[in-house]
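Peer 1: return a 3D structure for these sequence lines:
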Amino acid sequence: MVQCKDFAPRITEWGLFGGASNYESFSEVVSAVNQWIESTTIQVINVETVVLPDWVGGTSNGDYGVTVSNSCHQ
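Peer 2: Model prediction:
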C-alpha cells in the first residue's frame, strides 16, 4: 500500500489582525517527522521537502499556515 503524510510548520504566534505572525522552525518540523517515524510501523522509503509560497489564499486550516487540498493525509 502506498501512503503519504504531510507535515507543515504549525503557527506559533498570531498577529494583531488574526493572521499568522510566526511558525515553527524547520528543525522543529523535522523533529516532529522523526517522532512520527519512530512511533509508526510504516516503512518510510522517501522523504521530500516542498517549498511553498508565504501565503496561499483560501487554504489556511487554522493549525498550519497552508494546506494542499489534493494531498494525501493519514
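Peer 1: burial measure for Val50, as a count.
Peer 2: Neighbours of Val50 under the rule other Cβ atoms under 10 Å: 8. (Each C-beta comes from the backbone N, C-alpha and C, glycine too.)
Peer 1: residue numbering should commence at 41 henceforth.
Peer 2: Will do, 41 is the new start, and the previous item becomes Val90.
Peer 1: mind checking the SS state of it?
Peer 2: Under the three-state scheme (DSSP: H, G, I helix; E, B strand; the rest coil), Val90 adopts coil.
Peer 1: so what's it up against?
Peer 2: With contacts defined as Cβ atoms under 8 Å, 6 or more residues apart in numbering, Val90 has no neighbours.
Peer 1: and the pLDDT for it?
Peer 2: If you check Val90, the pLDDT there is 78.
Peer 1: can you map out the helices along the protein?
Peer 2: 66-79 (DSSP state H).
Peer 1: so where's it shaky on pLDDT?
Peer 2: 92-114 (pLDDT under 70).
Peer 1: where do the strands of this structure begin and end?
Peer 2: Using DSSP state E, the strands of the chain run over 51-54, 60-63.
Peer 1: show me what the first one is packed against.
Peer 2: Helices and strands touching strand 51-54, by 3 or more Cβ pairs under 8 Å, 6 or more residues apart in numbering; DSSP states H and E, are strand 60-63.
Peer 1: adjacent strands (with direction) for the strand it packs on?
Peer 2: Strand pairing for strand 60-63, determined by DSSP bridges: strand 51-54 (antiparallel).
Peer 1: buried residues of the partner strand, list them for me.
Peer 2: Using 16 or more other Cβ atoms under 10 Å as the test for burial, strand 51-54 gives Ile51.
Peer 1: tell me which residues of stretch 55-70 come out buried.
Peer 2: Ala60, Tyr63, Glu64, Val69.
Peer 1: and stretch 68-81, by the same measure?
Peer 2: Under the neighbour-count criterion of 16+ other Cβ under 10 Å, stretch 68-81 has Val69 buried.
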